[in-house]
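Undergrad: predicted model and sequence below, questions to follow.
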Amino acid sequence: MDIIQELLPKLPPPVPMPGSGRSFREQYALFTKQRQAIGCPTLFWALASLSVQAPCFILWMMAIRRMCLEDYPGFDCGGALWFSDITGYAHGPLGALFPISVAGMHFLNVQISFGRSTVANVSGLMPLIMKYYKIWLEILTVPILLTGFYIPQGSLIYWLTNSFLSAVQQLSLRHPSVHQKLGLRARPKVTQRVGSLSELNNGKSMDGLSSDELLVLASQHVAEGHQDRALHVLREAVTKDPGKPEVYIALGKIQLSKKLWIEASEHFELAIAKGRNDDVLIAAYMGAGVALFSQGRKLEAISYLRKLAAFEEPKEHWSKARYYQGLVTLASVLFQEGKKVEAAHYLGLAANYDPSVKSYLQEWEDNPGH
């Protein structure tokens, strides 16, 4: 895990960023290729510990619960203090101590696990995933507290002991002297992520990045609301690889959002000229149609948007969604131009994929004169 935490900041995100123009398969292939190139282990190692500990914990919990319920010899008098009978459930003035303690130790373990996580140094989607995963684990504190009142005290003793030892283990393994005594690899100190946004904004490491990496960086800027920075990075990507259509699509999308219709249409048309696969061409045709229509060049816009209907339905989820979004855009433009029968046809195709589109189709059928 330490190796993964050390090398993960150097990798592109495993899923495509918004506006990158890549399918999930393409982005994951890029991630895997670069992961193997720098010797980073597979991310499935992150589940290795859980896959061993979770079954053992569940097995012991079920075994102790069954022993309690079947009055295993000694369990009815083998406790101490207020829990002399560990076959019973939490009861009495001090009965809530075990459930509260178990829930509290769970919450403490979550805070220890995520307190100094180096995932915060990783770019892309990973910090967001870890953030919501932590929130989900914290919310589980409440169900754990309530569950504690409905399982035998013997199981609660085991659960509390397990959680306490987990906390001690985590805190101990964070100490450098313990690492040294056990002969473990020193924990990586990731104080600044490789290729960080601050470095790239200052132009320190832009030259060392490929066009793919620049495209990912630009997507991060867009996600953070820094469109001008994204444009700067994308122009650098064009200089490095003028034949990459995904860069022109990303430029066009930003310019659409800034209502720079002419520049947007030019970049989408460049993407069309350089595009070689359906996913890229679908995004480029749709963007070019929207940009041209916004300029008042309606016939040219319709011509580009109609080309979408010539494509087969993509297999990738994101490409399929973009394809049907393009058909809805085409239907909207055609409807505004009075071509209502053709518009209804394309809207009907989109409605088969996305049932929410049926409301628009019904509205048009109910108001044919509008």
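TA: Perfect, I can see it now. Numbering: from 1, shown residues only.

Undergrad: show me where the stretch 1-150 of the chain has helices.
TA: Taking DSSP state H, counting those that start in this stretch, the helices of the stretch 1-150 of the chain run over residues 2-7, 24-37, 48-69, 97-115, 126-139, 141-147.

Undergrad: now render these as CSV, adding mean neighbour count and distance to residue 222.
TA: (Each C-beta comes from the backbone N, C-alpha and C, glycine too.) Formatted as CSV, these follow (neighbours: other Cβ atoms under 10 Å; distance: least, Cβ to Cβ, whole Å):
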stretch, mean neighbour count, distance to residue 222
helix 2-7, 16, 26
helix 24-37, 16, 15
helix 48-69, 13, 34
helix 97-115, 17, 27
helix 126-139, 13, 15
helix 141-147, 14, 36
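
Undergrad: quick one, which of the ones you listed is nearest to residue 306?
TA: Closest to residue 306 of the helices of the stretch 1-150 of the chain is helix 24-37 (Cβ to Cβ; 26.5 Å).

Undergrad: next one: stretch 66-76 to chain centre, how far?
TA: The chain centre lies 46 Å from the centre of stretch 66-76; the measure is Cα atoms, centre = their mean, to the nearest Å.

Undergrad: same thing with stretch 253-269?
TA: Worked out by Cα atoms, centre = their mean, stretch 253-269 lies 28 Å from the chain centre.

Undergrad: mind checking the end-to-end distance for that stretch?
TA: Stretch 253-269 has an end-to-end distance of 12 Å (criterion: Cα to Cα, to the nearest Å).

Undergrad: same check on stretch 71-82?
TA: With Cα to Cα as the measure, stretch 71-82 spans 18 Å from end to end.

Undergrad: average pLDDT across that stretch?
TA: Stretch 71-82 shows an average pLDDT of 70 in the prediction.

Undergrad: roughly how far does the closest residue in space to residue 288 that isn't next to it in sequence sit from residue 62?
TA: In space, and not counting its chain neighbours, residue 288 is closest to residue 268: 3.7 Å by Cβ to Cβ, 6 or more residues apart in numbering. Residue 268 sits 60 Å away from residue 62, going by Cβ to Cβ, to the nearest Å.

Undergrad: before we move on, back to that, please identify which of the helices of the stretch 1-150 of the chain is closest to residue 330.
TA: helix 24-37 (24.9 Å).

Undergrad: my read is that residue 28 contacts residue 316, right?
TA: No: if you go by Cβ atoms under 8 Å, residue 28 and residue 316 don't touch, sitting 11.2 Å apart.
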